[in-house]
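Visitor: I would like to see how this sequence folds:
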Amino acid sequence: MWSSEQTCVVKLVDREAVMDKLVYTATNPVQDHLVDRGHLWPGVNGLRALLARQALRAIRPLHFFRPTAPRPMRSSCRSPSPLSSDPPPRYWRSCTTGYAPSSSSAQAERARTGRRVLGRRAVRAQSWCESPTSVERGRNLRPRVATRNKWARIEALLRNRAFVVEYAMARDRWRTGIPAVFPPGTYWLKRFASVPVGET
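Guide: Alright, predicted model coming up:
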């Protein structure tokens, strides 16, 4: 979210990929040894809200907005299951099952290395305007799809390639004044240039 690099949008091809990314997001503070358990994270906690079947609630920061700013002081959002095919009990059970091993591996690493958890109090004591003093090594890979299934990944990559070809052909026609229908998934030109887009 805060990176100055180009946005990397990854399509989650199947159910397993969705669950992997949900668990990764939920366990990130634990894997980085900021808190011992995910529910202890003092910030917005999507996993806790999902498992407790509660809405996410946020309070408007005072240091970003003037008191009379035309924004609500509080806001809430109830997040539905991102897997419409999953009944809620199965979805919540999958979240819990995937979370436990990741949390345990972080604890095992701390036991092996002697590393300590930073803790809620130290996390909250940090200034909101601080930034890292080191630079993370750049990554060479920029994935477009995510799935453990090799053939599903190949199929998704082929669909992406077909989209790029169709988009380039439609754009060339459109730029020369020839009527063109862009492939489904076209965003920028549809929003800002009102180009016609085919149905999925």
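
Visitor: what's the following helix or strand after the worst-scoring helix or strand of the chain on mean pLDDT?
Guide: Sorting the helices and strands of the chain by mean pLDDT, DSSP states H and E puts helix 46-51 at the bottom, at a mean of 68. Using DSSP states H and E, the next helix or strand after helix 46-51 towards the C-terminus is strand 56-59.

Visitor: just the helices in this protein please.
Guide: Ranges of helices within the chain are 15-31, 46-51, 88-113, 120-125, 150-175, 188-193, based on DSSP state H.

Visitor: need the ones you listed in CSV (columns: distance to residue 144 and mean neighbour count).
Guide: Heads up, the C-betas are built off the backbone N, CA and C, glycines and all. Below are the helices of the chain laid out as CSV (distance: least, Cβ to Cβ, whole Å; neighbours: other Cβ atoms under 10 Å):
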stretch, distance to residue 144, mean neighbour count
helix 15-31, 12, 18
helix 46-51, 24, 18
helix 88-113, 23, 14
helix 120-125, 33, 12
helix 150-175, 6, 14
helix 188-193, 17, 11
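
Visitor: looking at those helices, which is nearest to residue 68?
Guide: For these, distance to residue 68 was read as Cβ to Cβ. The smallest value, 27.2 Å, belongs to helix 120-125.

Visitor: circling back to that earlier point, compare the mean pLDDT across the helices of the chain and name the weakest.
Guide: Out of the helices of the chain, helix 46-51 stands lowest, with a mean of 68 (criterion: mean pLDDT).

Visitor: quick one, what contacts residue 170?
Guide: Contacts for residue 170 were tallied using Cβ atoms under 8 Å, 6 or more residues apart in numbering; they are 180, 181, 182, 183, 186, 195.

Visitor: list buried residues within these.
Guide: Taking 16 or more other Cβ atoms under 10 Å as the criterion, what is buried in the contacts of residue 170 is 180, 182, 183, 186, 195.

Visitor: residue 21 versus the first one, what's the distance?
Guide: Between residue 180 and residue 21 the distance is 35 Å, computed by Cβ to Cβ, to the nearest Å.

Visitor: over to the last one?
Guide: Using Cβ to Cβ, residue 195 is found at 31 Å from residue 21.

Visitor: ok, now the third one?
Guide: Counting by Cβ to Cβ, the gap from residue 183 to residue 21 is 25 Å.

Visitor: count of neighbours near residue 148?
Guide: Number of residues near residue 148 (other Cβ atoms under 10 Å) recorded here: 11.

Visitor: OK, contacts around the residue nearest to it when sequence neighbours are not counted?
Guide: Nearest non-adjacent residue to residue 148, counting by Cβ to Cβ, 6 or more residues apart in numbering: residue 16, 5.5 Å away. For residue 16, the contacting residues are 147, 148, 149, by Cβ under 8 Å, 6+ apart.

Visitor: so this structure: which segments form each domain?
Guide: Using automatic domain parsing, the domains assigned to the chain come out as 13-129, 148-200.

Visitor: so what would you say the end-to-end distance of the longest one is?
Guide: Between the opening and closing residues of domain 13-129 we find a distance of 36 Å, counting by Cα to Cα, to the nearest Å.

Visitor: how far does that domain sit from the chain's center?
Guide: Offset of domain 13-129 from its chain centre (Cα atoms, centre = their mean, to the nearest Å): 11 Å.
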